[in-house]
Structure formats: structure tokens, C-alpha cells
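> give me a 3D structure for the following:
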Amino acid sequence: MSFTELSEPLELISTIGFNGNVRHGLKIHPDGEHMVYPLGYTVIVENIKTHEQKFLAGHNDNVSCIAISRDGKYLASGQVTHMGFKAVVIVWDFAAKESKFVFTLHKVNVESVEFSPNSKYVISLGGRDDGSIAVWDLSTGEALCGAASGLKSSGSVYSIKFFNNTDERFITGGNGTLRLWEIDRENRKVRPQEVQLGQLKRNVACLVVDPDDLYFYAGTTTGDVLKVTIKTGLFKASGPQKDLFSLGVTAIVLLKDGTLVLSTGSGLITTMNTETLKRNPHKECKVDGVITSLAKRGAGHQLYVGVAKGNIHMMTYDEFTPTCVMSCHYSGVLDVSFPEQCSDLFVTCSKENIRVWVTETSTEVLRIVVPNMTCHQVAVSPDGRSIISGWNDGKIRAYTPQSGKEQYVVHDAHKQGVTAIACTSDGHRIVSGGGEGQVRVWQLTPHRQNMVAAMKEHKGVVNCIRIRKNDTECISASDDGTCIVWDLNRFTRNQIIFANTLFKSAVYHPEETQILTGGSDRKISYWENLDGSQIREMEGSSEGSINGLDISGDGQYFVSGGDSRKVKVWKYNEGDVSHVGIGHSGKITCVKICPKSKYIVSASVDGGILRWRYPF
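Next comes the predicted model:
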């Protein structure tokens with residue numbers, strides 16, 4: 001029997017994360033109260049008012065598309081998978097938040113899914129390695145028919161849209177292809193009709209159909225909108241004629257008054273008249289980043305905008321000024337740190353930025369941006385006056401936690417990037433580790449940062465540094481298969497631990513007589529600090545390495561996380577798993593228990609930050 005079967009589930013309180021790279025991934029439920037968006041392998045359903053989150057977990061790889069039926073009863077999601085495997089489409093019962101059907105047909109990737117107006121069918125569109133379209137009958141949960149999504153001479157198909165008044169007709173668009181389709185239920189066939197664009201060559205990125213099914217509008221990567229007559233399948237007009245939208249039209253919605261609201265790759269949100277296809281310069285605004293999703297709430301009085309950099313903005317149609325309602329990391333979170341004796345805030349670091357979050361509400365209060373750089377580790381000084389960070393350009397940077405203003409920079413701290421960092425309890429010294437394997441000690445004075453010592457014994461990347469409470473010793477864990485206990489007065493090696501593993505994490509027991517380590521061999525080991533002898537070794541995970549360890553203040557419990565995507569709470573003395581948290585969809589990079597033992601915060605390579613209730 002596995003640990004998971006014996007242990008209790010860990011209560012997940014909230015998630016910070018949104019995969020903004022999924023095209024049209026942000027949806028507003030027809031009830032107007034819920035927002036649906038993907039994060040890694042999970043689909044998150046969030047209440048807009050209370051921010052309560054529900055998680056739909058069933059995919060075994062990243063979610064690539066989402067659709068909601070018009071009556072709000074069903075939700076469909078597709079995924080990507082590895083070459084040679086089939087990607088699934090899951091249809092969920094929205095009220096019960098559970099899987100209703102699982103469709104397996106497409107190879108490698110599901111590009112898009114769409115419900116018919118009366119939820120009679122759901123259509124799934126395969127990616128470029130699949131090139132097929134499948135019609136699924138929702139009454140039986142079986143495939144009705146299928147066809148190649150485009151001509152062999154044309155490119156990939158990306159978008160799909162049903163008519164508003166019939167379940168039998170829909171439109172597809174993509175690279176050099178635009179088609180009207182009709183479902184022949186009796187003969188189990190689906191028949192395409194090419195849309196005649198004349199001399200125009202366009203790649204279609206998004207589609208919308210008018211309420212009466214007279215015309216449809218297609219946003220293109222060229223930066224214009226095409227208007228096509230549905231009855232004849234003939235091109236009618238395109239616009240704007242001059243000043244095309246930079247980086248293409250990425251999403252488009254049609255309001256009841258006949259106004260088109262569209263977003264572009266440059267972050268512009270603008271409006272157009274459907275008759276003239278001229279843009280309205282008085283109704284425009286801009287957000288930072290590439291817009292990938294545009295969703296209307298209700299009749300369109302509110303609009304929600306999803307950006308590739310992981311932000312969600314909300315704006316009212318009348319005011320047309322966006323306000324950020326959610327922000328998160330858009331690449332893997334590499335470290336989490338709490339201030340000393342403070343559980344109200346925590347700091348995370350990632351590619352290009354460091355962010356400070358309010359623990360209770362999961363809201364961002366500070367963002368520090370360093371373009372084109374990656375922050376490997378972050379620590380808060382004991383007095384709480386500095387956020388100290390190590391970066392891949394070999395610099396140590398310190399910032400004020402209130403304003404994010406730069407306090408000092410240690411240039412060329414390490415040749416191959418600063419990969420580990422820790423601060424002594426008196427706040428006068430920093431110990432850093434680098435990609436070349438050196439451990440260096442820096443003396444902090446009000447105006448200078450001097451290197452006191454460089455300790456050269458590791459042959460691989462230093463992944464973790466922990467300092468004892470009395471500042472006389474520290475331990476460094478490295479990819480070379482050693483953990484070294486250093487004397488911080490004499491700057492020599494006190495003890496060394498050898499193991500056939502790449503050590504990813506090491507932590508002192510609060511009594512500081514024992515050391516806990518985890519690494520690539522999936523083992524969690526207890527070591528004697530005095531002589532480096534091994535006390536106990538346990539199987540910490542069923543797959544992959546142990547990347548993060550943290551121990552509670554009383555030393556009774558510790559948490560682990562790693563490639564298995566599970567957060568495990570262990571009893572220290574018994575060596576047993578008491579609780580398991582399942583929620584991450586990417587490999588866990590770090591896990592921390594807050595100083596007051598109220599929460600566990602874990603982060604992963606998909607940019608997700610999860611907050612769990614500490615069970616004891």
C-alpha cells in the first residue's frame with residue numbers, strides 16, 4: 001500500500017497562477033459569477049466575487065483549450081501530449097465539477113473545442129500533427145463523424161465557431177484556410193465549403209458570428225477583420241483599410257448593439273463598427289503584453305482580458321479603462337521565502353521578476369523587474385529591511401521590501417550565476433553559492449559589500465545554503481553529490497556528506513543536531529551534524545527528485561515536494577507521511593512552511609503558487 005493511500009489529503013486553500021499562453025483560455029461562465037481559466041494540467045473555476053476556487057483535475061499534460069456550453073451546464077477542455085500519444089478532450093459537468101465524458105482521438109494536441117448552441121454536439125480540432133476535426137454527440141458521448149480540417153495545400157487550422165441558431169453548421173479558420181461546414185447526421189458526414197476570399201491571403205486567428213447568422217467576422221494575423229456573408233460564403237468587406245492592427249488581431253467579441261471589441265498582439269483593445277469596419281479611436285485602451293483572451297460578462301457591460309504574461313484585466317465597456325484583477329508569474333517559480341517570524345507576506349522569484357504577495361488574499365503588493373535575467377533564489381534579511389536575491393548574470397541584488405528600490409548590487413559575485421543565497425541572523429553577512437561550485441561569504445557595511453572568503457570544494461552547482469542560528473556554521477548542498485558543513489569563523493570545512501545523488505535541498509533540524517537532505521535519488525536522508533554519519537534514509541517519492549524541503553518550528557513535522565508534483569507532510573520522528581497535497585501540474589521547485597505554522601506554500605515550474613492549510 002502506498003503512502004498516498006494511508007495518508008490524508010492536504011487542504012488546498014488557494015492558487016496563484018494563470019496560463020496566459022493558451023489562446024482563448026480565459027472564459028466567463030454564462031451565469032456571470034464564475035471565471036474559468038487553465039493552469040498547467042488543471043482547469044480552475046473561480047468565483048468572481050468571493051474568489052473561491054474549484055479545481056478540475058483529469059488531464060495528464062498542459063491544458064491547451066477551454067469551451068463552455070451556452071446553457072452553462074458543460075465545460076470542455078483539451079490538452080497537449082507527447083509526440084506519438086493521443087491527447088484527450090474532457091467534457092465536465094459544471095454543477096458537479098466532475099468528468100462526464102473523455103474523448104480520445106487527436107494526436108499530440110487539441111487546438112480548440114466548441115459546443116453547439118443547444119449543447120447537442122461538441123467539436124474538437126486537432127493540431128498541426130493531427131489535422132483532423134471530430135464531431136462528438138453529447139447525448140451518447142460517442143464520435144459522430146470526422147474529417148480533415150483543411151486542404152493539404154493550406155496550413156494549420158486554429159479557430160472554430162458554431163452558428164448561433166443551428167446545431168448543424170460551424171466555421172473553421174487558420175493559416176490560409178477559411179471554411180463553412182455542415183453536419184449531415186443521417187449519413188454521419190461533415191461537409192466543408194471553402195469561403196471565397198478572392199485575391200486576399202489571410203491567416204485567421206479568431207472568429208465571431210452575428211446573432212442572426214447573416215455574417216461572420218474573422219480576425220487575422222495581418223491586423224484586419226474580414227466580413228463574410230454566410231449564405232453565399234462570399235467575402236464582403238475588410239477593415240480597417242489603413243493603419244492595420246500591429247501584431248495581428250488575437251481575439252474578438254460581438255456586443256448586442258453590433259459593436260465589435262477586438263484585441264491585438266500589441267496589447268491594444270479597440271472597438272469597430274460592424275457596418276463600416278472602421279475603428280473607433282475614442283474607445284481604445286492598452287495593456288502590457290500580448291492579449292490571448294477576450295471574454296464578455298453578461299451582455300458585454302464588463303470585459304475580461306487575458307494576457308500572455310499571466311495577467312487578467314477587467315474593464316467596463318462604458319469607461320474602457322482596464323484594471324488588473326489577477327497577476328502571477330508567467331514562467332517557473334524558482335524560490336519562495338517568508339520574512340522571519342512573519343506569515344502575512346511571502347516573496348517569490350522567477351524569470352525577470354521578484355514578487356511580494358499577501359498570504360491571506362494571494363494578492364500581489366510589489367513587483368521588482370530585471371529584464372532578461374532570471375532570479376534563482378531570494379531571501380529576506382532578518383530585520384525585514386532587504387530582499388536579497390541571486391541572479392543568473394552572477395550578481396547579488398538587494399531591494400527595499402516597501403518600494404522595490406535597489407539598495408546595492410554585488411557585481412561578479414559568481415562566474416556562472418548565483419544559484420543559492422542565505423543571510424546570517426545578525427544581518428551583517430551573506431553566504432552565496434554559484435554555478436561553478438564556490439561558496440562565498442560577503443560582509444555587509446552601509447556603503448560597501450566586501451568578499452570575506454571563497455570556499456572552493458564543490459565541483460557542481462550549489463543548490464541550497466542554510467545557516468545555523470548562531471551564525472557559526474552553514475551547510476551547502478550541491479549537484480556533485482556532497483553536502484558540506486562550513487565553519488563561518490575559520491572558513492574551512494567542518495564536515496562532508498557523500499551520497500550517490502544530486503543534492504537539491506538541505507535543512508537543519510531546529511535543534512541543529514541533525515540535517516535533512518533530499519535529492520535526485522528520490523531519497524530523504526537524516527544525517528548527524530557532528531560526524532556526518534547517516535541516521536535514516538527513506539523513499540521520499542515514487543518518481544523524480546526531491547527539490548524542496550522545509551521543517552516546522554517545533555521539529556515535529558517536515559514537508560517535501562519534487563518532480564512527483566505532490567506536497568507531502570511527514571512526521572519527523574516516525575518517518576511516516578501524514579498528509580499529501582495533490583494540485584500541482586508541474587514539477588514542484590520549492591516548498592515552505594510559514595513561520596507561524598498556519599500555511600504551506602509550494603511553487604512549481606508552470607508558474608503556479610499553491611497555498612495549503614498546515615494540518616497540525
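
> tell me which residue lies farthest from the centre of the chain.
Computed with C-alpha atoms, centre = their mean, the maximum C-alpha offset from the centroid of the chain is found at residue 490, amounting to 44.1 Å.

> the strands in the stretch 401-550 of the chain, which residues?
Under the criterion DSSP state E, counting those that start in this stretch, strands of the stretch 401-550 of the chain are mapped to 406-410, 418-423, 429-434, 438-444, 449-456, 462-467, 473-478, 482-487, 492-498, 503-508, 514-519, 523-528, 534-539, 546-551.

> report the backbone C-alpha coordinates of stretch 609-616 in PDB.
What follows is the C-alpha trace of stretch 609-616 in PDB, where atoms were taken according to Å, rounded to 0.1, in the frame of the first residue of the first chain:
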ATOM      1  CA  ILE A 609       1.900  29.000  -6.400                       C
ATOM      2  CA  LEU A 610      -0.400  26.900  -4.100                       C
ATOM      3  CA  ARG A 611      -1.300  27.700  -0.500                       C
ATOM      4  CA  TRP A 612      -2.300  24.800   1.700                       C
ATOM      5  CA  ARG A 613      -3.600  24.700   5.200                       C
ATOM      6  CA  TYR A 614      -1.000  23.400   7.700                       C
ATOM      7  CA  PRO A 615      -2.700  20.300   9.100                       C
ATOM      8  CA  PHE A 616      -1.300  20.500  12.700                       C
END
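
> now do that stretch: distance to the chain's middle.
Its chain's C-alpha centre lies 19 Å from the corresponding centre of stretch 609-616 when counted by C-alpha atoms, centre = their mean, to the nearest Å.

> name the nearest residue to residue 474, ignoring sequence neighbours.
Of all residues not flanking residue 474 in the chain, residue 467 sits nearest, at 4.4 Å (C-beta to C-beta, 6 or more residues apart in numbering). For glycine as for every other residue, the C-beta is placed from the backbone atoms N, C-alpha and C.

> re the thing from before, if I look at the residue farthest from the centre of the chain, how far off is residue 468?
Applying C-beta to C-beta, to the nearest Å, the value for residue 490 to residue 468 is 15 Å.

> where in this protein is pLDDT low?
Scanning the chain with the threshold set as pLDDT under 70 gives 1-6.

> quick one on the thing from earlier: dump the strands of the stretch 401-550 of the chain into TSV; add distance to residue 126 and mean neighbour count as well.
Shown next, in TSV, are these (distance: least, C-beta to C-beta, whole Å; neighbours: other C-beta atoms under 10 Å):
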stretch	distance to residue 126	mean neighbour count
strand 406-410	49	15
strand 418-423	41	25
strand 429-434	46	26
strand 438-444	50	20
strand 449-456	54	14
strand 462-467	40	24
strand 473-478	45	26
strand 482-487	48	22
strand 492-498	51	15
strand 503-508	38	24
strand 514-519	40	24
strand 523-528	42	20
strand 534-539	40	12
strand 546-551	34	24
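
> right, and those - which one's nearest residue 77?
Nearest to residue 77 among these is strand 546-551 (27.5 Å), distances taken as C-beta to C-beta.

> ok, back up a step: which residues touch the residue nearest to residue 474?
Contacts of residue 467 were listed using C-beta atoms under 8 Å, 6 or more residues apart in numbering, and they are 422, 423, 424, 425, 431, 473, 474, 488.

> can you check residue 90 too?
Contacts of residue 90 (C-beta under 8 Å, 6+ apart): 56, 58, 59, 76, 77, 78, 99, 101, 102, 103.

> wasn't the first one part of a helix?
No. With the criterion set as DSSP: H, G, I helix; E, B strand; the rest coil, the secondary structure at residue 56 is strand rather than a helix.

> which non-adjacent residue is nearest it?
Nearest residue to residue 56, sequence neighbours excluded (C-beta to C-beta, 6+ apart): residue 43, at 4.1 Å.

> identify the bridge partners of that neighbour.
Per DSSP bridges, the residues bridged to residue 43 are residue 38, residue 56.
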